[in-house]
Structure formats: structure tokens, C-alpha cells
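S.K.: Let me see the structure of the following:
(2 chains)
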Amino acid sequence: MARKLRVRKHKVVLNRSAGGDVGITIALSILGAFMVLPMIYVIMQSLKPLDELWMFPPRFFVRHPTGRNYRDLFMLMNTSWVPFSRYIFNTIFTSVVGTTGNLFFSSLAAYAMAKIKFPGGKFMFRTVRTSLMFHSTVTAITSFIIMSALHMVDTYWAIIVPAWATSLGLYLMKQFMETNVSDAVLESARLDGATELQTFWVIAMPMVKPAWLTLIIYSFQDLWNRGSSIYIHSEQLKSFNYAIGQIMAGGIKRAGAHAASLVIMMLVPITVFVISQSNIIETMGSSGMKD
Amino acid sequence: MSKKKAVIRSDMTRAQWTWKEMKKNWVAYLMVAPYMIIFTMFTVVPVILSMVISFTDFNLLEPPNFVFISNYTRLFLDDDIFVIAVKNTLIFAAIVGPVSYLMALLVAWFINELPPKIRAVVTLVFYAPSISGQVYLIWGTLFSGDAYGWVNGALLNLGLITKEIAFFEDADYVMPLCIVVALWTSLGTSFLSFIAGLQGIDRSMYEAGAVDGVRNRWQELWYITLPSMKPQLMFGAVMAITSSFGFGGVVTALCGFPSVDYAAHTIMHHLDDYGGIRFEVGYSSTIAVVLFTIMIGSNALVKKMLSKVGQ
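M.R.: Residues are numbered from 1 along each chain as shown, chains lettered A, B, ... in the order given. Next up is the predicted model:
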């Protein structure tokens, strides 16, 4: 026994060569630099005063950081034709309503598919899983036809309603419920006279909180990052992301403000991810496709 | 108990049994109904509708006429730009898909044995570009065509070039640059799935492997790690394929539309051109059906390849 323990602690057992460790560290550093440098550059650009933005040769790092670009950005927002608060409201409204509905409808359907055996359930899940295999732009134009038939074009609903039923949301939720909600617990709740809806809401949902969070974050990120859409043409209904894009279109004088806007846009999803990282990874543990 | 059930079942036809099960589980249908109705309306019906419309000359204004396969013959025989788009799409997907997949897998594997806190930070570094909206536009600044672009500035300064290069207006540079930017934003869902898959592997399997003669970490990866996370590999592949065909927006934002000499024109752009700009819905549906077939086809192909892992 003692010998076994010693061997376990001994590194050689797991065949880790020092050369491999060095190689991996170097590879990770190069790839890491490739990923992180552009992100740092955005932040640097957003802090550069005008003369440093248009300096030759250009420098990577900022020398005299200033908050001017952020002030300029807010000034530009105040002078836009549609009040900027409207764009911000649009993005927050569609993100919140879309995400809430997605969480509710996807979990409800995922629970039924994962925990109740009913004719057609497997077929429905397979259909949803297949839809993960193609990108939604394939269906953009025919969706447009359907939306105009339903009089949804140029309303918030054109963004919100399709977001209520995302394939990835249902897929992750169903897989997570399958592995993390025990049938025995559900069965005993049913024997105690709980209805299926009660079992879902009181027993199953509290057990899958990591999956909730993952679904919320995926849905929120997607909606938050939406730019212009073929379904929306009224200026009053367009998104924050679209409005930010218009700042860039204002020409080179706005390079600093544009960098500032990119930093603000990226801070929100990154903060959300930092808070929820461990839950997302836990959810992904059951994301695998078995057949 | 189970014997009794079996007897009851044999008394009924299959249809009767199904009907009985359906009545018994009516709540389940109620629960899936909201999701399935929306999903059908905005995912299933659009796919079927595209297939139907692809055989017509629908243009949103006039009632459609049935034109049989003339849209398809026009697409493959008369549309030179479509041929360019197919070529670009396949090059793009064939590089971005596998490279991003391998990169996600290798990085996830590299960081797997790091202490949890450091691992969380490294995960964020690699994952952040994929969730940060339009931050990829910074590549436009880095590779800006004037001397204030960081890359041009550096090259000029070092004396490697004498005149700045207009990266995004030069057909030779557009495609490789777009590929690099796409790779930069590509460590998304599949990456997280791989991290989780690696975390879920029982450590004792590695120890058993070491006793059984696994000699280095590469053998360990191939014979133990990868086979144990096959479901994640499959899911990651689906995610990687889908997104490798979905980078049209990145290309348009960086290179404009249409890109110079159609050098970065993909099927996605062709679809947008005919559907969103010219409203030739019938023809654009044909393009959509072809793109759809390519996506589903590559998934089937990759599934086959992944079944060979660990053999």
C-alpha cells in the first residue's frame, strides 16, 4: 500500500517529460500572445490621445493615457439623431426578454424530452440536434417571409421570438438534465402526488442551476452582440451594436471613440463570463454527443 | 410487473399502444409545445420552404412560377461568381474548421493540468475574443492600409517595405487575413466543451495506462484521453463546422462587400447578395439549399473520421 502511494506521487508514472513541458509552455505562450495582444491593443487605442493615435511610427503601448475618447464617445451619443439611450434600451430589452423566454421554454421542453418517455420525444430531440449542424443564415431569407406573413417584421418580436427557441439552449439543457437529475428523486416526487409541472419547477430546475446560467449567458451574448438585422428597418428599433458601428462610419477622427466603444461592448460579456465560468464548464461536461 | 405490461401490450396494435402512451403523457406534449412551435416556425419550416422555393422564380412581389431545376443549372453552369464563392467557402472552412478544432483541443489539453486558478485565467484569455462582439474590428486598425496601421508602421520602420500595403484592398492578402481573424475568434463553445471533457476524465485511467505501458503524453492522449472524451469531440466538431461556415459577417466588416475582386466572397455573401439585396428569393433559396447540403455533408464526413479516434 505504502509503495503504491509513493509511486502515485512520483511524476514519472504519468510519463511527463521535461522537454514536453517546456514545449507546451512555449506553444501556449505563442498562442496566448496571438489571442491577447489584439485585445490589449483595443484597450491601448481607447486610452491614446489624438496625437498618439496618428503618430508615425505607431506605438503599441499608450504613453499618456487619457479618458478623452470615452468622453468623446458619450458626446457623440448625445448628438445622434435617435437618442442613444433608445439603442441601449433596445438591446437590453431584447436581450432580457429573449433570454428569459429562452430559459423558460427550452428548460420546459428539455425536461419533457429528458425525463418523460413519450412517443415522438426522441424524434423531436434528434431534429433539434440536427439543426445544430447548420448556421442560421441559411434560413434567414425564408424566415423573413414567415415573419412578414406574421406581421413581425420591424417589431421587437422579430428578434425576440426566434431567440426563445434556440437549438443550443435546448441541447445543453437536455443533456445536463439527463446526467444530473436523478430519476429516483423525480419518481418519489410523483408518488407523493406532485404533478409533472410541479416536479419540473420544484425538483428538477433547482438541480440544474449551472445549465440555467450557461443558457442565460449564451442567449444573452448572442442577443447583446446583434448588429443590424434584415428584420428591422426603423431607426428607433435598432441595436446598440449597430449604433456603435455608425460611430466608426463617422471617419478617422473618431478612431479613438470607436476603440472606446469596442472596449465598452466587450466588457459586458467578458464580465458575465468571468462570474459564471465554473458553472459553464460544469454544464459543458454533459454536452457530448453519444451517437 | 413487467411481464404483465408486456401481456397488455401484445393485446393492442402498435397504433393503439402509441395512442394510449400519448394520452397518458399529455403533459409532456404541453411542455414541449411552446418550444417546438417556435422552433418549427423559425427553423424547420424555413428549411423546408427554402427547398420548395428553390424550384421557383419567387421574388417577393409577383406570385411564384415553378421553374423546375433552372435555378440549379443557372447556379452551377452560368454563375461565375458562385464558383468563386464555393471555392472560397471551401478553402475558408477547410482551414478554419480543422485548425480551430485542433487549436481548441490542444489548448484545452495543454491547460488541463494547470492549477485551477491559473487555468481559469488562461481559459478567459483564449475564450474572450469569441464573445467580445465586434472587437475583431481592431484587426482592421492593426492592418490598416495607411502608415498609421501598426503592421504597416512596423514594416516601414524596419525597412522591409518602402510603401504601405493596403491589406484589405489587395486580393492577395484579403483571404489569409480573414482566415487569421476568423481563427482568432474561433475558440468558442467547442473549446469550453473540450475543457469540461478533459476535466471529466478519471485520473486513475492515466495511472492504469502508465502501468500498462503508455510511454509518453502523446500516447496517453491518443489511447486514453481522446477515446474517453469522444462525445465532446463530436459535439465540438459540430460546433466548429457550423461556425467555420458562419464567418461571413467578419469578412464583410473587415473587407467590405463585395470584397476586392471577390477575393473573400463566400457562399454566405452570395446568398446575402441575391436574397437580401436583389430579392431574388427563388435563386437565393437555391444557394441556401446548396450551402445547407454542404454543411450537413461535412458533418457526416467528420463524424466518420472521428469514429477512428484511438484505433
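
S.K.: okay, now the domains of chain A?
M.R.: Per automatic domain parsing, the structural domains of chain A span A:2-66, A:76-284.

S.K.: rank those by pLDDT, which is bottom?
M.R.: In terms of average pLDDT, domain A:2-66 trails the rest of the domains of chain A, at a mean of 78.

S.K.: Show me what whatever helix or strand A:Ala243 lives in packs onto, helices and strands only.
M.R.: Using DSSP states H and E, A:Ala243 sits in helix A:240-249. Packing partners of helix A:240-249 (3 or more Cβ pairs under 8 Å, 6 or more residues apart in numbering or on different chains; DSSP states H and E): helix A:84-115, helix A:255-284. To be clear about C-beta, it is placed using only N, CA and C from the backbone, and glycine gets the same treatment.

S.K.: how about those helices in TSV, adding mean neighbour count and distance to chain B?
M.R.: Below are these laid out as TSV (neighbours: other Cβ atoms under 10 Å in any protein chain shown; distance: least, Cβ to the nearest Cβ, whole Å):
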stretch	mean neighbour count	distance to chain B
helix A:84-115	21	4
helix A:255-284	20	4
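
S.K.: Make CSV from those and add distance to B:Gly249 to it.
M.R.: Shown next, in CSV, are these (distance: least, Cβ to Cβ, whole Å):
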stretch, distance to B:Gly249
helix A:84-115, 17
helix A:255-284, 15
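
S.K.: which one is A:Pro38 nearest to, not counting chain neighbours?
M.R.: Leaving out its chain neighbours, the residue that sits closest to A:Pro38 by Cβ to Cβ, 6 or more residues apart in numbering or on different chains is B:Ile138, at 5.1 Å.

S.K.: And the average pLDDT for the helix or strand hosting that neighbour is what?
M.R.: Per DSSP H and E: B:Ile138 is located in helix B:138-142. Helix B:138-142 carries an average pLDDT of 86.

S.K.: tell me what that helix is packed against?
M.R.: helix A:18-47, helix A:255-284, helix B:150-157, helix B:171-184, helix B:248-255.

S.K.: got these as CSV, with distance to B:Val67 columns?
M.R.: Formatted as CSV, the helices and strands packed on helix B:138-142 follow (distance: least, Cβ to Cβ, whole Å):
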stretch, distance to B:Val67
helix A:18-47, 47
helix A:255-284, 44
helix B:150-157, 49
helix B:171-184, 34
helix B:248-255, 27
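
S.K.: out of those helices, which comes closest to A:Leu108?
M.R.: helix A:255-284 (17.6 Å; Cβ to Cβ).

S.K.: who's in contact with the helix holding A:Ala243?
M.R.: Helix A:240-249 has contacts (Cβ atoms under 8 Å, 6 or more residues apart in numbering or on different chains) with A:73, A:76, A:80, A:82, A:84, A:87-88, A:90-91, A:224-228, A:254, A:257-258, A:261-262, A:265, B:133-134, B:137.

S.K.: my read: the residue nearest to A:Pro38 touches A:Ser46, true?
M.R.: No: with contact defined as Cβ atoms under 8 Å, B:Ile138 does not count as touching A:Ser46 (10.0 Å).

S.K.: Overlap of the contact sets of those two?
M.R.: A:Ala259, A:Leu262.

S.K.: where do the helices sit along the stretch 51-200 of chain A?
M.R.: For the stretch 51-200 of chain A, the helices defined by DSSP state H, counting those that start in this stretch cover A:68-79, A:84-115, A:121-131, A:140-149, A:157-163, A:167-180, A:183-191, A:196-198.

S.K.: Is it possible to get JSON lines of those helices that adds distance to A:Phe273?
M.R.: Below are those laid out as JSON lines (distance: least, Cβ to Cβ, whole Å):
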{"stretch": "helix A:68-79", "distance to A:Phe273": "23"}
{"stretch": "helix A:84-115", "distance to A:Phe273": "15"}
{"stretch": "helix A:121-131", "distance to A:Phe273": "25"}
{"stretch": "helix A:140-149", "distance to A:Phe273": "27"}
{"stretch": "helix A:157-163", "distance to A:Phe273": "19"}
{"stretch": "helix A:167-180", "distance to A:Phe273": "15"}
{"stretch": "helix A:183-191", "distance to A:Phe273": "31"}
{"stretch": "helix A:196-198", "distance to A:Phe273": "32"}
